[in-house]
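1. Got a sequence here, can you model it:
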Amino acid sequence: MNPVYQITLQTQSGSTDIEVGENLSMNLKEVTPVPILLVDENVMRNHSTLFDAFQVINVPSGEEHKNMDTIMGIYRELVTLEADRSSFLVGVGGGLTTDLAGYVGSTFLRGIPFGFISTTLLGQVDASIGGKNGINLDGYKNMVGTIRQPSFIWCDLSLLHSLDRREYVGGIAEVIKYGAIRDARFLNYLREQMPALLELEARVLEKVVTTSAALKVEVVQKDEKESDLRRILNFGHTIGHALERELRVLHGEAVATGMVMAARLSHSLGYLKSTEADLISDLVDRAGLPGNLKADPGLIFENIRKDKKKQGDAIHFVLLEGLGNALVKPIPLRDLKSMLHDLY
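-> You can find the predicted model right below:
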């Protein structure tokens, strides 16, 4: 079956073929050499027949498992399976699984080839694309990791129908992000089509995943190592990661509030009209995402102080200079602390 959409991500460190379509997982039998699969336990439970013919290492679900203990367990299972440098690894699952697969593939035997089958909306539009393979350290997001591109990414739209509803809705936060930072017309499309997106209507889902993937590819190809432009992909994430850690909510839920607060901060600093900030908040609300998660601003600040985007006494904060146009501004931590208290 031909994919609905194909794009190639070409960077200095490698090339990735990205495909978007239905039932792509069935093409695993055509991959050579025969891959070893890292499969999310929930995906395995719902779709085990797709993977019966392969050697499978089960990956536990939940952000708390995105750590070095899980990585060490996977290494040991690969040794038991007698994996070698000719082995091919495929991660099947959401962002947690593809991050783990990418990290293991980048480091086991100093690196073996790997690919991803992305099974969540968040993974298909964001987490699996770009070559970042991160794990958490003491609950702090993606503090340890590599940048190495997978050989392929298959965004299997058919697997989204078995995804937990809350997880699916959480992925829409990253979709909104792309319109906010890169394509104002996409925001208008989302306003019109949000009910259809929430119902997983095929034509809208295809448009949303392919547009989001293309926008991320455009950014990553210009700045793979996040020295400049790629930082805009962190819109909503500085506050979002802190909320995620403190409140134990889903990544997309935390990012939704982070985007609303970043838009409000953009307005207070004179970069964004109030009506534009309201549009971000309205989209978050239409998606059924939380735009006003509450947490102690002091605790939020302490989390941000340990954020990987901090540099010296400032943090690279993503603001909006109009819809579809992101601005990365170094904000001194002392200033951000007072801003957080004002936002709350």
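2. Would you tell me which helix is longest in this structure?
-> helix 202-222 (DSSP state H).
3. mind checking how far that helix is from the chain centre?
-> The chain centre lies 13 Å from the centre of helix 202-222; the measure is C-alpha atoms, centre = their mean, to the nearest Å.
4. hmm, who's touching it?
-> Outside helix 202-222, the residues within contact range by C-beta atoms under 8 Å, 6 or more residues apart in numbering are 4-5, 7, 9-11, 18, 20, 121, 124-126, 129-131, 155, 157, 160, 174-175, 178, 182-183, 186, 189-190, 193, 196-197, 229-230, 232-233. C-beta: built from backbone N, CA, C; applies to glycine.
5. got the buried residues for that helix?
-> Buried residues in helix 202-222, defined by neighbour count with 16 or more other C-beta atoms under 10 Å: 204-217, 219-221.
6. Residue 316 sits in which helix or strand?
-> Taking DSSP states H and E as the criterion, residue 316 maps to strand 314-320.
7. same check, this time on residue 271
-> Using DSSP H and E, no helix or strand contains residue 271.
8. Nearest spatial neighbour of it, chain-adjacent residues omitted?
-> residue 321 (4.6 Å; C-beta to C-beta, 6 or more residues apart in numbering).
9. Could you do residue 54 as well?
-> residue 37 (5.0 Å).
10. Residue 52 - that's part of a strand, no?
-> No - under DSSP: H, G, I helix; E, B strand; the rest coil, residue 52 sits outside any strand and is assigned coil.
11. From the contact counts, what lies against the helix or strand encompassing residue 116?
-> For residue 116, the element it lies in under DSSP H and E is strand 114-118. If contacts are counted by 3 or more C-beta pairs under 8 Å, 6 or more residues apart in numbering; DSSP states H and E, strand 114-118 sits against strand 89-93, helix 95-107, strand 152-156.
12. starting at the chain centroid, how far to the last one?
-> Think strand 152-156. With C-alpha atoms, centre = their mean, you get 14 Å for strand 152-156.
13. now for that strand, which elements pack on it?
-> strand 14-21, strand 114-118.
14. and if you look at the second one?
-> Using 3+ C-beta pairs under 8 Å, 6+ apart as the contact test, the elements touching helix 95-107 are strand 36-40, strand 55-59, helix 68-80, strand 89-93, strand 114-118, strand 132-137, strand 140-147.
15. What mean pLDDT does it get?
-> The pLDDT scores in helix 95-107 average 97.
16. and if you look at stretch 35-55?
-> pLDDT averaged over stretch 35-55 gives 96.
17. can you check stretch 293-310 too?
-> On average, stretch 293-310 scores 86.
18. now stretch 241-261
-> Mean predicted confidence for stretch 241-261 is 96.
19. centre of the chain versus it, how much separation?
-> That offset, for stretch 241-261, works out to 13 Å (C-alpha atoms, centre = their mean).
20. Can you show me the CA trace of it as PDB?
-> C-alpha atoms of stretch 241-261 as PDB (Å, rounded to 0.1, in the frame of the first residue of the first chain):
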ATOM      1  CA  HIS A 241       8.000  20.700  31.300                       C
ATOM      2  CA  ALA A 242       7.900  22.300  34.700                       C
ATOM      3  CA  LEU A 243       4.100  21.800  35.000                       C
ATOM      4  CA  GLU A 244       4.500  18.200  33.700                       C
ATOM      5  CA  ARG A 245       7.000  17.400  36.400                       C
ATOM      6  CA  GLU A 246       5.200  19.100  39.300                       C
ATOM      7  CA  LEU A 247       1.600  18.100  38.400                       C
ATOM      8  CA  ARG A 248       2.300  14.700  36.800                       C
ATOM      9  CA  VAL A 249       0.000  15.600  33.900                       C
ATOM     10  CA  LEU A 250       0.500  14.500  30.300                       C
ATOM     11  CA  HIS A 251       3.100  16.200  28.200                       C
ATOM     12  CA  GLY A 252       0.500  17.700  25.800                       C
ATOM     13  CA  GLU A 253      -1.700  19.000  28.700                       C
ATOM     14  CA  ALA A 254       1.300  20.700  30.300                       C
ATOM     15  CA  VAL A 255       2.400  22.200  26.900                       C
ATOM     16  CA  ALA A 256      -1.100  23.500  26.300                       C
ATOM     17  CA  THR A 257      -1.000  25.700  29.400                       C
ATOM     18  CA  GLY A 258       2.700  26.500  28.700                       C
ATOM     19  CA  MET A 259       1.600  27.900  25.200                       C
ATOM     20  CA  VAL A 260      -1.200  30.000  26.700                       C
ATOM     21  CA  MET A 261       1.100  31.500  29.300                       C
END
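21. any idea how the chain splits into domains?
-> 5-162, 165-343 (automatic domain parsing).
22. got the contact list for the residue nearest to residue 271?
-> So residue 321 contacts 266, 271, 272, 327 (C-beta under 8 Å, 6+ apart).
23. Within the sheet, what are the partner strands of the lowest-mean-pLDDT helix or strand in the chain, with directions?
-> The weakest-scoring helix or strand in the chain, judged by mean pLDDT, DSSP states H and E, is strand 310-311 (a mean of 78). Using DSSP bridges, strand 310-311 pairs in its sheet with strand 314-320 (antiparallel).
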